[in-house]
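J.: The following comprises the amino acid sequence and a computationally predicted model.
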Amino acid sequence: MAKRNALGRGLGALIDDAEKMKQAGISEIELTKIEANPFQPRSKFDEESLEELAASIREIGLIQPITLRKNGSDSFQIIAGERRFRAAQKAGMETIPAYIRHAKDDGMLEMALVENIQREDLDAIEIALSYQRLMDELEFTQEDLSGRVGKKRSTIANYLRLLKLPAIIQKALREKEISMGHARALINIEDADVQEMIYQQIVKYGFSVRRVEEIVRSLDEEGLQQNQSRKKELPKEYRDYKGQLGKLLGSRIGISVNEKGKGKIVIPFKSGNDLERIVKIIENNK
């Protein structure tokens with residue numbers, strides 16, 4: 001069975017020992033030896049999304065290994081991970097970490113991954129990766145997984161949602177800078193920039209899970225109130241300022257302006273603790 005790092009993420013940043021990576025069942029394959037799967041149903045990839053992933057790869061390494069099959073003596077074909085492969089090309093990588101699959105090994109793969117999931121020393125991201133790999137390569141549904149690993153479907157869904165977090169937050173979860181509770185609270189924020197900003201505050205100020213949950217609830221409530229009370233759309237420059245302030249303070253800022261250009265900024269807070277958090281951010285950005 002693969003060692004702990006077999007399903008590791010952020011290999012370039014998290015695993016420095018190439019020999020350990022080899023033992024874990026992950027190989028470094030030259031990009032020039034890899035070709036796309038001609039039966040790939042997805043023919044178009046969003047360029048902006050690819051550029052964002054490429055930027056993440058340049059900063060902290062590739063998060064999730066791709067999966068390949070041998071396609072000759074010295075060439076490989078993609079089974080899963082073409083988007084990651086394309087982003088790695090854009091990032092200027094020469095090699096990419098990959099699982100190498102062989103024909104008719106589905107049963108062995110399932111047994112190995114399910115056994116791996118049952119271990120107690122895996123972190124949340126490793127478990128999520130195991131689930132995702134079973135779904136990608138063996139075409140399992142979440143219901144299938146529930147039966148295979150003896151977990152509730154909702155539990156599996158919560159783990160899989162972790163893989164949608166920005167790479168820097170996934171890395172922090174793996175390195176125990178934040179807890180599973182922190183990560184699950186951050187998942188409920190749609191804006192990745194706001195997720196990263198609150199993550200930085202967790203690390204800097206040592207926010208508890210309950211504190212982060214309060215912040216997230218506050219964001220949700222403020223967003224609903226502002227949507228209900230909005231009477232007219234702000235000029236673009238004011239919307240830009242509003243967005244910048246919101247990301248800085250982790251709060252849905254309110255801005256109103258009259259016909260003469262005069263107005264006010266409203267910074268709502270949920271509690272005394274939340275107000276203290278906002279004040280500290282303002283003081284640190286003087």
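T.: The structure has been received and is ready for your questions.

J.: could you pull out the helices for the protein?
T.: 11-14, 18-23, 47-60, 82-90, 106-117, 124-138, 142-149, 153-162, 167-174, 180-187, 192-205, 209-229, 236-249, 272-284 (DSSP state H).

J.: For those, please prepare a markdown table with the additional fields mean pLDDT and mean neighbour count.
T.: Heads up, the C-betas are built off the backbone N, CA and C, glycines and all. Formatted as a markdown table, the helices of the chain follow (pLDDT from 0 to 100; neighbours: other Cβ atoms under 10 Å):
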| stretch | mean pLDDT | mean neighbour count |
| --- | --- | --- |
| helix 11-14 | 37 | 18 |
| helix 18-23 | 40 | 13 |
| helix 47-60 | 87 | 15 |
| helix 82-90 | 90 | 19 |
| helix 106-117 | 67 | 16 |
| helix 124-138 | 84 | 21 |
| helix 142-149 | 86 | 16 |
| helix 153-162 | 92 | 17 |
| helix 167-174 | 91 | 21 |
| helix 180-187 | 93 | 20 |
| helix 192-205 | 91 | 17 |
| helix 209-229 | 73 | 16 |
| helix 236-249 | 83 | 14 |
| helix 272-284 | 83 | 13 |
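
J.: Which one, of those helices, ends up nearest to Lys33?
T.: With Cβ to Cβ, the closest approach to Lys33 among these belongs to helix 82-90: 11.5 Å.

J.: Could I get the contacting residues of Ile57?
T.: Going by Cβ atoms under 8 Å, 6 or more residues apart in numbering, Ile57 touches Gly12, Ile63, Ala87, Ala88, Ala91, Met93.

J.: Roughly how far does it sit from Lys280?
T.: According to Cβ to Cβ, to the nearest Å, Ile57 stands 33 Å off from Lys280.

J.: and what of Lys242?
T.: Distance from Lys242 to Lys280, by Cβ to Cβ: 21 Å.

J.: before we move on, the earlier item: put together CSV for the helices of the chain, with distance to Arg69 on each row.
T.: Shown next, in CSV, are those (distance: least, Cβ to Cβ, whole Å):
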stretch, distance to Arg69
helix 11-14, 20
helix 18-23, 19
helix 47-60, 23
helix 82-90, 13
helix 106-117, 12
helix 124-138, 10
helix 142-149, 22
helix 153-162, 24
helix 167-174, 26
helix 180-187, 33
helix 192-205, 33
helix 209-229, 42
helix 236-249, 43
helix 272-284, 50
